[in-house]
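Novice: model this:
(one chain, ligands or ions: 2)
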Amino acid sequence: MERVVLITGANSGIGLALCERLLTEDSQLRLCLACRNMQRAEAARSALLTSHSNAHVDLLQLDVGSVQSVLSAAQEVKARYNRIDFLYLNAGIMPNPQLDLNAFFKGLFSRNVVRMFATAEGILTQQDRLNSDGLQEVFATNLFGHFLLIRELEPLLSRLVWTSSSNARRSAFSMEDMQHREGRESYSSSKYASDMLSLALNRQKNSQGLFSSVICPGLVMTNLTYGILPSFFWTLIMPVMWLIRIFTNTFTLTPHNGAEALHWLFLQNPESLDPRAKYHSLTSGLGTNYTQPRQMDIDEGASDVLYSKLLELEKEVRRKLSEENADEEMSAVKYGLLTLQT
Ligand SMILES: NC(=O)C1=CN([C@@H]2O[C@H](COP(=O)(O)OP(=O)(O)OC[C@H]3O[C@@H](n4cnc5c(N)ncnc54)[C@H](OP(=O)(O)O)[C@@H]3O)[C@@H](O)[C@H]2O)C=CC1
Ligand SMILES: CC(C)CCC[C@@H](C)[C@H]1CC[C@H]2C3=C(CC[C@]12C)[C@@]1(C)CCC(=O)[C@@H](C)[C@@H]1CC3
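Specialist: Ligands and ions are numbered 1, 2, ... in the order given. As a prediction, the model looks like this:
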């Protein structure tokens, strides 16, 4: 039977590389590229069809950062497919990243240098903002939109794979401020929250046949990293990066290498996976790719609390949306009556 794989943020970087790798693995797959920008989605589809001319590649308009868009896209998915074999929750943003050069140079001469290169701990901050749904943009995109999509598609789903990050850190996340309104590490917080949510989903849903995993692709040259330093700079220092790769196998560098763990999970039996592990894409100094599980720093109790808080927020957001829709209908009726009278 034809398997259906839906990938969010599939038009560039790691998501697009994953599409290439999955089509090479199984040319009979039906891929659904869920993207916010249809022009970029079309370009990605054309690129995939150039290398896999008989591939089945569908497009879906989805802005994971918008509640309305997620709900409409979910309706469309339910109309199109009976089931989704794999849902890759890959779309992600890191807006206005700022590198603390002082901390970076201090870190270079500290015992934590390898850890700094692997996780960017202590050297990277972001500036977040509210979106039109009144949610913090990074939280909405990296976590909540995906949560809502899962909730909408649940009966169709069996495997979930989150593109998380080794930048996810417990100390960046606060249960009292899960959207990270206060701090300047919204990316780290959202990725830690996705790790927790994955564990909670496994705890709640494994018995119903739904399995969730998280991966870290390593440091990869994509639009996301070109937002931190310009692409010409990365190209300039590439020899240094290859050198660093000898000491930290987390410098996977290319989207193809970064997609290693995403591809590896596609080939695994879900029962054999560890719900508390993050699966890391790694590349050795000689350029060999492999996947390695590493334990996550997560409490089961806390992950359940986050799950309940997300359910509460979902209720609130849905109520707000239906009130807005009712208001709009009311003004349309009033406007209709007015035009009838005049
Ligand atoms: N690059 C790296 O070193 C690392 C990346 N990651 C994670 O990997 C994932 C993929 O990122 P990467 O490939 O690096 O970067 P890219 O910027 O190339 O890819 C991100 C993808 O997400 C899409 N996207 C962003 N916001 C939305 C939205 N609101 N709705 C729908 N799609 C959206 C982008 O679409 P558009 O083109 O329209 O912007 C793009 O296709 C992210 O979750 C990122 O956090 C994790 C660790 C390291
Ligand atoms: C190597 C160069 C001489 C200097 C590069 C310094 C920094 C720009 C990088 C060092 C560690 C990097 C890193 C990320 C971004 C760029 C660095 C801070 C990430 C935060 C990118 C997104 C992720 O999700 C993480 C896994 C990356 C961790 C390492």
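
Novice: near ligand 1, which residues of this structure?
Specialist: 8-9, 11-15, 35-37, 40, 62-65, 90-93, 141, 163, 165, 216-217, 219-220, 222-225 (C-beta under 6 Å from any ligand atom). All C-beta atoms are positioned from the backbone trio N, CA, C, and that covers glycine.

Novice: buried subset of these?
Specialist: Applying 16 or more other C-beta atoms under 10 Å to the residues of the chain next to ligand 1, the neighbour count classes 8-9, 11-15, 35-36, 62-65, 90-93, 141, 163, 165, 216-217, 219-220, 222, 224-225 as buried.

Novice: from the residues of the chain next to ligand 1, which land in strands?
Specialist: Per DSSP state E, strands hold the following members of the residues of the chain next to ligand 1: Thr8, Cys35, Thr163, Cys216.

Novice: can you tell me which of those residues is closest to ligand 1?
Specialist: When these are compared for distance to ligand 1 (C-beta to the nearest ligand atom), Thr163 wins out at 4.1 Å.

Novice: mind listing what the closest one touches?
Specialist: Gly9, Ile14, Gly15, Tyr88, Leu89, Asn90, Gly92, Ile215, Pro217, Leu262 (C-beta atoms under 8 Å, 6 or more residues apart in numbering).

Novice: quick one: which of those is nearest ligand 2?
Specialist: Proximity of these to ligand 2 was ranked by C-beta to the nearest ligand atom; the top entry is Pro217 with 7.4 Å.

Novice: tell me the pLDDT of the closest one.
Specialist: For Pro217, the pLDDT comes out at 98.

Novice: surely it is in contact with His256?
Specialist: No. Judged on C-beta atoms under 8 Å, Pro217 makes no contact with His256 at a distance of 10.4 Å.

Novice: among the buried ones among the residues of the chain next to ligand 1, which lie within helices?
Specialist: Gly13, Ile14, Gly15, Leu224, Thr225 (DSSP state H).

Novice: would you mind measuring from the fourth one to Glu271?
Specialist: By that I understand Leu224. As judged by C-beta to C-beta, to the nearest Å, Leu224 and Glu271 stand 33 Å apart.

Novice: residue ranges for the strands of the stretch 101-250 of the chain, please.
Specialist: For the stretch 101-250 of the chain, strands defined by DSSP state E, counting those that start in this stretch occupy the ranges 124-125, 157-163, 211-216.

Novice: most tightly surrounded among the ones you listed?
Specialist: strand 211-216 (a mean of 26; mean count of other C-beta atoms under 10 Å).

Novice: tell me the angle of it relative to strand 157-163?
Specialist: Going by axes from the mean of the first three to the mean of the last three C-alpha atoms, to 10 degrees, strand 211-216 is angled at 20 degrees with respect to strand 157-163.

Novice: strand 211-216 pairs with which strands?
Specialist: Looking at strand 211-216 with DSSP bridges, its partner strands are strand 157-163 (parallel), strand 277-283 (parallel).

Novice: and the first one with ligand 2, contact?
Specialist: No. No part of strand 157-163 sits near ligand 2 under the criterion C-beta under 6 Å from any ligand atom; the closest distance found is 8.9 Å.

Novice: got it, and stretch 89-108?
Specialist: Yes. Using C-beta under 6 Å from any ligand atom, stretch 89-108 reaches ligand 2 at Leu99.
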